[in-house]
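*Asks:* requesting a structural model of the entry that follows:
(2 chains)
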Amino acid sequence: MSGNTRAAIGFGVVAAALLSVGLGQSWSVSLAVLNLCLISAVMALGVNIQWGYAGLFNVGTMAFAALGGLAAVLVSQPPVHEAVAAGGARLLIAAGVACLTAGVVWLACRRLPAGALRTAAVAVAAVVGYFSASAFFNPAVEAIEAVDSSSTGYLGGLGLPIVISWAVGGLFAAGAAWAIGRVALGLRADYFAIATLGISEIVIAVLKNEDWLARGVKNVTGLDRPVPYEIGLQRAEWFQDLVRALHRDSLAGLTETESAALLRQLVIEASGIFVKLCYAGLFAAVLLVVLLLSERALRSPWGRMMRAIRDNETAAEALGKDVYRRHMQVFVLGSAVVGVAGAMLVTLDGQFTPTSYIPLRFTFLIWVMVIIGGSGNNLGAVLGGFIVWLSWIEAEPLALWAVEGLTAAMTPDDPLRVHLVEAAAHVRPILMGVILLLVMRFAPRGVVPETVGGQRRLAP
Amino acid sequence: MGVDVVNAMVLLANFVVVPALAYGSQLALGALGITLVYGILRFANFSHGDLMAFGTMVVILLTWQLQAWNIGLGLLPTALLALPLGIAATIAVGLAADRAVFRFYRLRRSAPVVLAIASVGVMFVLNGVVRVVIGPDDRSFSDGARYLINAREFKSLTGLAEGLTIRTSQVLTLALAVIAVAALFWFLRRTRAGKAMRAYSDNEDLALLSGVEPDRVVLLTWAIAASLAAIAGTLYGLDKSFQPFTYFQLLLPMFAAAIVGGIGQPHGAIAGGFLVAFSEIALTYPYKKFLGYLLPDDVRPAGLLQLLSTDYKLSVSFVILVVVLLWRPTGLFRGRIA
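*Replies:* Okay, the predicted model is just below:
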């Protein structure tokens, strides 16, 4: 079976599953799942660029998704002028001092010969820089966080449309990836993994604790929307007409009051679905663009070079390829894609909650998507994103349903039954782990295996 | 002045030295398991944190049962009675994971990164099992005497202004860690099986040629790593509290400890564990009161003098990791380079 046939079957199964969710649960749920599937697919594409193309084992995906989310806040929220006036200047000075310190340390490392003098110079510069930067930073933060801390207490954003933040999120993630890559890319694969895992935890710690930036654990809610609000739609004349036209049959033959009541209910229902469809359209557009670009890159000489580096680093280096710089490129590109997806996710949620970023969900789950879908195959990564998100989200109701079926004979307050019902939610990681292990063992190339020159790659 | 110096030292001992010794021992025991698996089975085991959580969970369930039967150890925590069974269960899980997952890739000589990803799968499963069985919430299972020395007694005994608190769990941690490490080193250096393990770690092919039985080495490695994981997890749980997510987060400092010490080197893991623990606690401790005792009144500092907010504890182990890797890529005690 060729890769394309497998992909077609895979997407067919996913579509059928989404349809059955729509018919069985509700269309609103089905579309909500679809939206998250689309975002997951974009994230999986980002990880696939790093792992599938170049074999980089980056376990810090969570950090890049969170930075994308931060971009959504900083771009779309209205600025808090009072806070900027209170602490903005001192914050800038602190940043300047920090940059100056970094510059001095960098110069010292470059210009001075290695030895006691250099160590002393670096240490003095770092200590002086740390204390003088915090002399400006700490009071600035205090002043900013004091400004109406229950509703703002942070600098706010630029007040621009949130769609712009998708690009900015990519830039944030790319910048962070560049800085992280400078430190970590020289390391061996497993050290690199640990290092990225560590950095992602640090980024989340910063987002949780630096309230002046994005309110920390107090969360930023009520973000701007790129799509119309349900309330606005329900009041709009054209939307009511549209719903009336769509439901002409069921509205016919009712009395005036009955049809008005039914129409109101139908309009409310339809407005939710319409909003979700708008989101789906936007996300699908982004996914298509990223997918097409990734596919072009993979089929280009650049993509062939990346695969060569992945398959035999030493040989590629001997042929004059700059492995470090190529790794840096894919690391930055892949992270940027994850950042875009992170911004889209926060846009969809309408809120930025740093505590929601946990490695299981934002790092390892994305990895499972790529490996199950087929590392190195973009279409596979997208399909993996769809399959894994669907099973992740539907595992809980299915487990609950199974538990209730199994324990139907028990009394409702039987402790075992209560425990099992509570535990049903935690079946998800077990399911994911088992799927991951089974795919790795029995289909190591994933559902849609990587193709090279029209042929499937042989298993290693 | 003299009394002030003693007060300052007691303060430091109470808030930095004693907690760091206990935490360092827990990290060292965990890092030993990671380093053994890395040195002998040759992959970074991401499921080690959740293996610890699993062992601790078994101990907690048994402890609750023993408490219900009113069986205890008096002053010592009941968990000690449950520990041997917890160790056995953890070994069984480790061996089962090896048989079901890791063995396949080992025999095919897959790349270490493939084994590492497989360990992520095992991590998912163990994490889910722990949550299904005991739930994601905080669980407390310590009992017996809480303090060996408490602050008030210490103050009235010595007449100092500062108190010293030593919890039973801290002493127990140190004692058990010393016993476990001594036994491990004795085993690795003095017994035939231990020597076989070291030989296998140094050079697999040569060891196989010399008649070392690989299955036995693998079995022993998992048995030791899993026992250490169960002990470390239980001690951490007794000292602080048990929550599955915290155990996953311990993965980072434990890996940092193993790598900083030189991965594959048992004594390196111990040194690394204490280095990470002392840095974490020393960097997040506010020195205001400490310096207040030592400096004359007029130059007393105004701020808290906390170098790093406690929220950034996790970043300390990471920074140490990066600094050591840049400065000495093989770790403090020349670890495995290949």
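
*Asks:* burial of the residue in the stretch 201-338 of chain B positioned nearest to chain A, as a residue count?
*Replies:* Closest contact between the stretch 201-338 of chain B and chain A, by Cβ to the nearest Cβ, is at B:Phe318 (3.5 Å). Any C-beta I mention is one placed from the backbone N, CA and C, and that applies to glycine too. Using other Cβ atoms under 10 Å in any protein chain shown, B:Phe318 has 23 neighbouring residues.

*Asks:* for A:Gly22, same thing?
*Replies:* By other Cβ under 10 Å, the burial measure for A:Gly22, its neighbour count, is 17.

*Asks:* nearest spatial neighbour of it, skipping sequence neighbours?
*Replies:* Of all residues not flanking A:Gly22 in the chain, A:Ser30 sits nearest, at 3.5 Å (Cβ to Cβ, 6 or more residues apart in numbering or on different chains).

*Asks:* surely A:His426 touches B:Leu126?
*Replies:* No - here A:His426 does not reach B:Leu126: they are 11.8 Å apart, not a contact under Cβ atoms under 8 Å.

*Asks:* more neighbours, those two?
*Replies:* Neighbour totals were compared for A:His426 and B:Leu126, and B:Leu126 leads with 27 against 22 (other Cβ under 10 Å).

*Asks:* just checking, that one touches B:His48?
*Replies:* No - using Cβ under 8 Å, B:Leu126 is not in contact with B:His48, being 9.8 Å away.

*Asks:* list the buried residues in the one helix or strand B:Ala82 maps to.
*Replies:* In the assignment (DSSP states H and E), B:Ala82 maps to helix B:79-97. By 16 or more other Cβ atoms under 10 Å in any protein chain shown, the buried positions in helix B:79-97 come out as B:79-83, B:86-91, B:93-95, B:97.

*Asks:* how about the residues of the stretch 51-200 of chain B near chain A?
*Replies:* B:100-101, B:104, B:110-114, B:116-118, B:120-129, B:131-133, B:135-136 (Cβ under 8 Å from any Cβ of the partner chain).

*Asks:* now with 7 Å, please.
*Replies:* B:101, B:104, B:112-113, B:116-118, B:120-122, B:124-125, B:127-129, B:131-132, B:135 (Cβ under 7 Å from any Cβ of the partner chain).

*Asks:* about what we covered before: what's near enough to touch the residue of the stretch 201-338 of chain B closest to chain A?
*Replies:* By Cβ atoms under 7 Å, 6 or more residues apart in numbering or on different chains, the contact set of B:Phe318 is A:Gly198, A:Ile199, A:Ile202, B:Leu252, B:Ala256.

*Asks:* list the buried residues in the helix or strand that contains it.
*Replies:* For B:Phe318, the host element (DSSP H and E) is helix B:313-327. For helix B:313-327, burial by neighbour count (16+ other Cβ under 10 Å) applies to B:Lys313, B:Leu314, B:Ser315, B:Val316, B:Ser317, B:Phe318, B:Val319, B:Ile320, B:Leu321, B:Val322, B:Val324, B:Leu325.

*Asks:* the third one touches A:Val206, doesn't it?
*Replies:* No - the pair formed by B:Ser315 and A:Val206 falls short of the contact definition of Cβ atoms under 7 Å, at 8.6 Å.

*Asks:* now the residue in the stretch 1-150 of chain A that chain B sits nearest to: closest residue in space, sequence neighbours ignored.
*Replies:* Residue of the stretch 1-150 of chain A nearest chain B, by Cβ to the nearest Cβ: A:Phe57 (5.3 Å). Nearest non-adjacent residue to A:Phe57, counting by Cβ to Cβ, 6+ apart: A:Ala193, 4.6 Å away.

*Asks:* the strand or helix carrying that neighbour to helix B:313-327, inter-axis angle?
*Replies:* Counting by DSSP H and E, the element that carries A:Ala193 is helix A:189-209. On the basis of axes from the mean of the first three to the mean of the last three Cα atoms, to 10 degrees, helix A:189-209 is oriented at 140 degrees to helix B:313-327.

*Asks:* may I see the buried residues of helix A:189-209?
*Replies:* Neighbour-count burial for helix A:189-209 flags A:190-208 (criterion: 16+ other Cβ under 10 Å).

*Asks:* give me the pLDDT for residue 301.
*Replies:* In the absence of a named chain, this looks at chain A. Looking at A:Pro301, its pLDDT is 93.

*Asks:* if you could check chain B rather than the one you did, that'd help
*Replies:* pLDDT, B:Pro301: 67.

*Asks:* same question, B:Arg336
*Replies:* 58.

*Asks:* which elements pack onto the strand or helix carrying B:Trp222?
*Replies:* Per DSSP H and E: B:Trp222 is located in helix B:214-239. Judged by 3 or more Cβ pairs under 7 Å, 6 or more residues apart in numbering or on different chains; DSSP states H and E, the packing partners of helix B:214-239 are helix B:18-36, helix B:48-68, helix B:79-97, helix B:168-190, helix B:192-202.

*Asks:* same for the last one, what does it pack against?
*Replies:* In terms of contact count using 3+ Cβ pairs under 7 Å, 6+ apart, helix B:192-202 is assigned the packing partners helix B:168-190, helix B:204-209, helix B:214-239.

*Asks:* of those helices, which shows the lowest average pLDDT?
*Replies:* Taking the mean pLDDT of the helices and strands packed on helix B:192-202, helix B:204-209 comes last: a mean of 88.

*Asks:* let's see that helix as CSV, backbone CA atoms only.
*Replies:* The C-alpha trace of helix B:204-209 is given here as CSV (Å, rounded to 0.1, in the frame of the first residue of the first chain):
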residue,chain,number,x,y,z
GLU,B,204,30.4,-4.5,26.3
ASP,B,205,32.1,-6.6,23.6
LEU,B,206,35.1,-7.4,25.7
ALA,B,207,32.9,-8.3,28.6
LEU,B,208,30.9,-10.6,26.5
LEU,B,209,34.0,-12.2,25.2
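
*Asks:* about what we covered before: past the helix holding A:Ala193, which element shows up next along the chain?
*Replies:* Scanning forward in sequence from helix A:189-209 by DSSP H and E, the next helix or strand is helix A:211-214.

*Asks:* same for that next one, what does it pack against?
*Replies:* helix A:116-146.

*Asks:* and the helix it packs on, what's buried?
*Replies:* Those would be A:121-122, A:125, A:129, A:132-134, A:136-137, A:140-141, A:143-145, for helix A:116-146 by 16+ other Cβ under 10 Å.

*Asks:* roughly how far is that helix from the heart of the chain?
*Replies:* On the basis of Cα atoms, centre = their mean, to the nearest Å, helix A:116-146 sits 33 Å off its chain's mean C-alpha point.
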